[in-house]
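Asker: no sequence for this one, just the structure:
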C-alpha cells in the first residue's frame, strides 16, 4: 500500500487551511468533536489504486488519440513527428500531469476547493476549470450520440452508408449522393441533415436528439453513485478500446494495400522538424490529449488515499496515453492505405471502362499494367477520338489518395466507414469500431462530469440540500437540454465552434496560473515537503526544474503563439457543406457567431481575474466592517 | 434472278440498321467482367438468342402483331461486345417506334438479363434506363428497435440504482443509535494523547481545522 510506517506522522507546521494537525488542542469538547467527526460524511474513495489509474487512462485516452494524432503525424513529417512528440511529453506532459494529480491528492477536494485552499484569490482558477468542463461535456457527448447512431445502424445488410439511396423515380441514385460519396452523404444528410450555412438553423432533428438523450442517460448511469459506480465502469471503458484496437491492428495489417499507408506514414520527412508548427502542434497535442486544466484529474486524485504513489501513476498514465496515440495511428494508417489502394484501383477500372467503351475494345483487353502504353497507342492511332475522351480521363494516383489527410469527425465517421464498408463481414467491423468510439467517449465524459460534480458535491451549501444523485441528475439534465442545439440542422457548425474555441485558449491560461500558483504562491519547497510527507518520495530535480521553469515557459510560448494566430487571422471562417456540389465550401462566420466565440473564450478566462477581484472586494468590505465595529 | 432481290434486301437492311439510325438502340455487353473465366464467346448463335429475346419482348406487348426473329436486325458488332439493333414491322420497310421497343425491353429486362447470365450493369441498353429495384424497407427501421432495447435497459438500471440509493439513505438516517455505537468505537480506535483525540493523517476526511483559520490569516499573503 505504501504507507510510510505505523508511527504517527507529524506534519510540519503549515497550519493555514490544512486540517488534521495532530495532537494540538481542539477548542470543542472531545465528545463534541467526536460526534462531529462521526456525523460528517466520509469522502468516497477508489476501491483500489488500479481503479484510479484506469479512471485516468480512460479519461486521457479519448477520441483525440484516434482522430487527431494520426492527422498530425501525417501533416508534420510522419515518423519524424515522434521526435518532437516525445520531447514535449518529457518537458510538458509528465510534469503537468503529476502536478495536477499531486494537487488533487494533497488538497483532497475538487478544483474550486483545492485552489481556494492554496489561496482564496485563486478560486477563480477552479471556477474557470468548471466552466471549461461544462462547455466540454456539452459538446463532447454529441459525439457519443453520433457513435450510438452509427452503432444502431450497423446491424443492417447492406450497411446504410455503403449504397446511395435511389432517387424519386427509381432510375438512378440520389443526386447529392452521386456528387459526393455514399459515406459522406450518410454523414451529412442522414445523420446531421446539415443546412447549407450556420444562419439557417433549422429545427431539432428527432433522431440525433433521441441518441443524445440516450448518451446522457448512459453517462448519468455511470456517475450516479460517484466513485463507487465510476470505479467499476472504468475497468470496462479503459480496457475495451485496447481489445478492439488490437483486433483492428491484426485485421488492418492483413488488408490489401495496408502497407502502402504504413510506409507513407512512417517515412520520416526530416525537413518538417525545422518547421515551428511541428513543435507547436506536438506541444498542443500533448497538452490537450492529457486533458489538463479541466479539473478532472484533480477530482479523480482527490478521491485517493493520501499515501498513494501519484508520481508513478502520472508517469504510467502519460506513457500509456502517448503509446496509445502511436498505436492507434498504426491502425489508422493501415486503414488509410487500404482505402487509398481501393479507391486507386477503382479509379483505374473507371478509366479502363471509359476507354474500352469509347474505342469498343475487347472487354478485359485493357488492364492496370498495360494501361499507360495502351493510352499512348490509342492517342497515336485515333487522335481525334482520343482528344474527345481525354478530358474525362482522371489521373489516378495512389499518392493523392493517401494525401487526403482528415481529422476529427470526418476521419471517424467518413473515412473509417468508407474503409469498413469494403471489408468482408462489414457489420461486425462496424459494430466493433463504433463500440470502441463509444467507450473512448464515455470514458472521457466520466472525467468531464467528475470535474463539474466534485466541486459541487464538495460545497457544503449544495450538498446539504441535494443528494449526490440529484446533483448529477440536474447537471446531466441541464447539459442535455443545452446540447440539443447541436442536434439542429446547423448543429454541426456550432459543434465546430465549441470544439475549436470553447476550451483551447482558456485551458492554456488555466494551467499557466496553476503552475505559477503551486510553484510561487504556495511554494515549491513547501509543496515538495507536503508530497514527501504524503507519499514518501522526495521531489526529484527533474520535477522541480520542469515545474519551476520549463513547463511555464512552454505554455507561455504556446499561449502567445495562439493569441497572435487568432489576432492575425482576421475574419474567422468555417467549412459548410454544399449539397448542390457535394463538397465543403468555406464561409465566413456571421457576427453573432463571432460574438458567441468571444463569449466562450471570455467566460472561462475572465473567471480567474473576476473571482479574484470579487474576493478582494469582499475582503476589503469585511475589513472595513470589522474596523468600523472596532 | 434472285441476286438482285438479295442485294435489295441487304441494302434495305443496311439502311434500316445503322449506328444512330432512327429507332435504333446500341447494346453493350461486358461478358468477361461478369463471368470471368466462365465467359462465353459471342458468336452468331448468341446473336440469334438475342434477336429471339427481343422478338419475345415485342410479342409480349398486347395488341401487337406477332414479331418474328427475322424482324430484329443486328449490325455493327464490335469486339467490345457492342452492336446496334432495330425492330422492323412485318413488311420490313420501316422500323418500329423507339418508344414501343423501349417499353417492351424494360418490362422484360430481367428475362433478357437472365438469358445471358448478365445483369443491368453488364448488359447495357444505352438510352434505355433500367429501373432499380426499390430497397426493402421494413415497417419499423431496425435502428429504432435496437435503440428501444438499449434505452429500456438503461432506464431500468438507472431506476434500480436510484431506488437502492434512496433505500440506503433511509437506512442511514433511520438509526440515531448508530451514532452512539460509532462513538464507542471511536473511543477505542482513536489514538488519544493527553485526553485529546489526535486526527491521524490517514483520516478519511481532510476537513479544515477551524481553529487555525482566523479572519486576517485566511488570506495567504501573496
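Answerer: Arrived safely, thanks for sending. Quick caveat, the model's predicted, so the values are computed rather than measured. Numbers count the residues shown, from 1 in each chain, chains lettered A, B, ... in the order given.

Asker: strands of chain A, residue ranges please.
Answerer: A:573-578, A:583-588 (DSSP state E).

Asker: nearest to chain B among those would be which one?
Answerer: If you check each of the strands of chain A against chain B by C-beta to the nearest C-beta, strand A:573-578 wins as the nearest, at 22.6 Å. The C-beta positions use only the backbone N, C-alpha and C, and glycine is treated the same way.

Asker: count the residues that sit near residue A:612.
Answerer: Residue A:612 has 18 neighbouring residues, counting by other C-beta atoms under 10 Å in any protein chain shown.

Asker: quick one: pLDDT of the residue in the stretch 451-600 of chain A positioned nearest to chain B?
Answerer: Closest residue of the stretch 451-600 of chain A to chain B, C-beta to the nearest C-beta: residue A:469 (5.5 Å). Looking at residue A:469, its pLDDT stands at 88.

Asker: quick check: it touching residue A:226?
Answerer: No - look at residue A:469 against residue A:226 with C-beta atoms under 8 Å: they stay out of range, at 9.2 Å.

Asker: the residue nearest the centre of chain B sits in which helix or strand?
Answerer: Centre of chain B computed as the mean C-alpha position; nearest residue by C-alpha atoms, centre = their mean is residue B:135, 8.1 Å away. Following DSSP states H and E, one finds residue B:135 outside all helices and strands.

Asker: check it and give its pLDDT.
Answerer: Predicted confidence (pLDDT) for residue B:135: 72.

Asker: how about residue A:524?
Answerer: pLDDT for residue A:524: 91.

Asker: which one of the strands of chain A is the most hemmed in?
Answerer: strand A:573-578 (a mean of 17; mean count of other C-beta atoms under 10 Å in any protein chain shown).

Asker: and that one, average pLDDT?
Answerer: Strand A:573-578 comes out at a mean pLDDT of 88.

Asker: quick one: distance of that strand to the chain centre.
Answerer: Mean-position distance between strand A:573-578 and its chain equals 22 Å (C-alpha atoms, centre = their mean, to the nearest Å).

Asker: and the angle for it with strand A:583-588?
Answerer: Calculated by axes from the mean of the first three to the mean of the last three C-alpha atoms, to 10 degrees, strand A:573-578 forms an angle of 140 degrees with strand A:583-588.

Asker: and strand A:573-578, what does it pack against?
Answerer: Under the contact definition 3 or more C-beta pairs under 8 Å, 6 or more residues apart in numbering or on different chains; DSSP states H and E, strand A:573-578 sits against helix A:491-497, strand A:583-588.

Asker: save these as CSV, and put in distance to residue A:297 and mean pLDDT too.
Answerer: As requested, the helices and strands packed on strand A:573-578 are arranged in CSV below (distance: least, C-beta to C-beta, whole Å; pLDDT from 0 to 100):
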stretch, distance to residue A:297, mean pLDDT
helix A:491-497, 25, 91
strand A:583-588, 36, 88
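
Asker: tabulate the ones you listed (TSV), appending distance to residue A:392.
Answerer: Listed next are those as TSV, based on distance: least, C-beta to C-beta, whole Å:
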stretch	distance to residue A:392
helix A:491-497	34
strand A:583-588	19
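
Asker: below-threshold pLDDT in the chain: ranges please.
Answerer: Looking at chain A here, since you left the chain open. By pLDDT under 70, the weakly predicted segments of chain A are A:1-41, A:629-630.

Asker: sorry, should have said chain B
Answerer: Ranges of chain B meeting pLDDT under 70: B:1-2, B:4-14, B:175-222.

Asker: which stretches in it count as strands?
Answerer: B:25-29, B:72-75, B:82-87, B:123-125, B:192-193, B:196-197.

Asker: deepest-packed of the ones you listed, please.
Answerer: Burial of the strands of chain B is given as mean neighbour count (mean count of other C-beta under 10 Å); strand B:82-87 ranks first at a mean of 22.

Asker: who's in contact with it?
Answerer: The contact list for strand B:82-87 (C-beta atoms under 8 Å, 6 or more residues apart in numbering or on different chains) reads A:357, A:360, B:16-19, B:21, B:23-29, B:47, B:50-51, B:54-55, B:58, B:67, B:71-77, B:95-96, B:101.

Asker: do stretch A:382-397 as well
Answerer: By C-beta under 8 Å, 6+ apart, the list of residues contacting stretch A:382-397 reads A:344, A:347, A:348, A:350, A:351, A:354, A:355, A:358, A:359, A:375, A:378, A:379.

Asker: quick check, nearest of these to chain B?
Answerer: Checking those one by one against chain B (C-beta to the nearest C-beta), the nearest turns out to be residue A:359, at 8.5 Å.

Asker: which residue is the nearest non-sequential neighbour of that closest one?
Answerer: Excluding the flanking residues, the one nearest residue A:359 by C-beta to C-beta, 6 or more residues apart in numbering or on different chains is residue A:378, at 6.2 Å.

Asker: likewise residue B:75?
Answerer: Per C-beta to C-beta, 6+ apart, closest to residue B:75 is residue B:17, 4.1 Å.

Asker: please apply the same query to residue A:151.
Answerer: Nearest non-adjacent residue to residue A:151, counting by C-beta to C-beta, 6+ apart: residue A:434, 4.0 Å away.

Asker: what about that neighbour, how many neighbours?
Answerer: Residues near residue A:434, counting by other C-beta under 10 Å: 25.

Asker: confirm for me that it is in contact with residue A:150.
Answerer: Yes - the criterion here is C-beta under 8 Å, and residue A:434 meets it with residue A:150 at 4.8 Å.

Asker: run through the residues that contact the residue nearest to residue A:120 when sequence neighbours are not counted.
Answerer: Closest residue to residue A:120 apart from its sequence neighbours, by C-beta to C-beta, 6+ apart: residue A:615 at 5.3 Å. Applying C-beta under 8 Å, 6+ apart, we find residue A:615 in contact with A:120, A:121, A:123.

Asker: return the subset of the residues you listed lying in helices.
Answerer: In helices, defined here by DSSP state H, the members of the contacts of residue A:615 are residue A:123.

Asker: ok so, going back, are any of the contacts of strand B:82-87 buried, and which?
Answerer: A:357, A:360, B:16-17, B:21, B:23-29, B:47, B:50-51, B:54-55, B:58, B:67, B:71-75, B:77, B:95-96, B:101 (16 or more other C-beta atoms under 10 Å in any protein chain shown).

Asker: thanks again, I'm all set now.
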